[in-house]
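Chemist: sequence unavailable; structure follows:
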């Protein structure tokens, strides 16, 4: 019946109602979940799309699938709903599951910078720095220096903490005199 509403009669509203009833009976019905995702995307109902993606998250088979669903939720929240707070919370959920996820870190870096959430950006950069310090390769030291320079820049130019920024810059120059 659902397919008839959706494909033959082109009545996505009726198809959505029918698939919702299916999910009421069986919240783990993957066919109904996927159909609702498709229908909400088709109709541009982004809020309900996020809702059904969260339902899919609850029945995801493994951590990799959960991460991909979270990335999809974040993308919809940012691009369609323009909800920076929900986007940030979703990327933080990715990092709770995998503290080393580069995509989530880069997205949070971009969002914190865009939203002027400087304290949170510094926390993120410090977390990234701690993870990089565990790496013994020579390139890791240069990456740490780069992160410290970014932290110093945020401290000085966005938080007005010129003295702290100067101290951090001095530490960088002391341990890496050739770092520019």
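Modeler: The structure has been received and is ready for your questions. Source: prediction; values computed, not measured. Residues are numbered from 1 along each chain as shown.
Chemist: tell me where the model's unsure across this protein.
Modeler: Low-confidence segments of the chain (pLDDT under 70): 1-12, 179-180.
Chemist: try 90 this time
Modeler: Counting by pLDDT under 90, the chain contains low-confidence residues at 1-19, 23-24, 27-28, 35, 42, 59, 61, 133-142, 175-180.
Chemist: where along it do the helices fall?
Modeler: Under the criterion DSSP state H, the chain contains helices at 2-3, 12-25, 30-43, 46-58, 63-79, 84-97, 102-115, 118-133, 138-157, 162-175.
Chemist: just the buried residues of the last one, please?
Modeler: For helix 162-175, the neighbour count (16 or more other C-beta atoms under 10 Å) marks 165, 168, 169, 172 as buried. Placement of C-beta: from N, CA and C, glycine included.
Chemist: what do you get for the fourth one?
Modeler: Of all the residues in helix 46-58, those buried under the rule 16+ other C-beta under 10 Å are 46, 49, 50, 52, 53, 55, 56, 57.
Chemist: cool, and the fifth one?
Modeler: Within helix 63-79, the residues that count as buried by 16+ other C-beta under 10 Å are 66, 67, 69, 70, 71, 72, 73, 74, 76, 77, 78.
Chemist: pick out the most distant pair among the buried residues of helix 162-175.
Modeler: Using C-beta to C-beta, these span at most 10.7 Å, a distance reached by 165 and 172.
Chemist: list residues touching both of those two?
Modeler: residue 152 (C-beta atoms under 8 Å, 6 or more residues apart in numbering).
Chemist: list the contacts for residue 113?
Modeler: By C-beta under 8 Å, 6+ apart, the neighbours of residue 113 are residue 121.
Chemist: that one and residue 83, how far apart?
Modeler: Going from residue 113 to residue 83 by C-beta to C-beta, to the nearest Å gives 17 Å.
Chemist: residues near the residue nearest to residue 115 when sequence neighbours are not counted, how many?
Modeler: Closest residue in space to residue 115, ignoring its immediate chain neighbours: residue 84 at 5.3 Å, by C-beta to C-beta, 6 or more residues apart in numbering. When counting by other C-beta atoms under 10 Å, one arrives at 15 neighbours for residue 84.
Chemist: residues in contact with residue 84?
Modeler: Residues near residue 84 by C-beta under 8 Å, 6+ apart: 78, 111, 114, 115.
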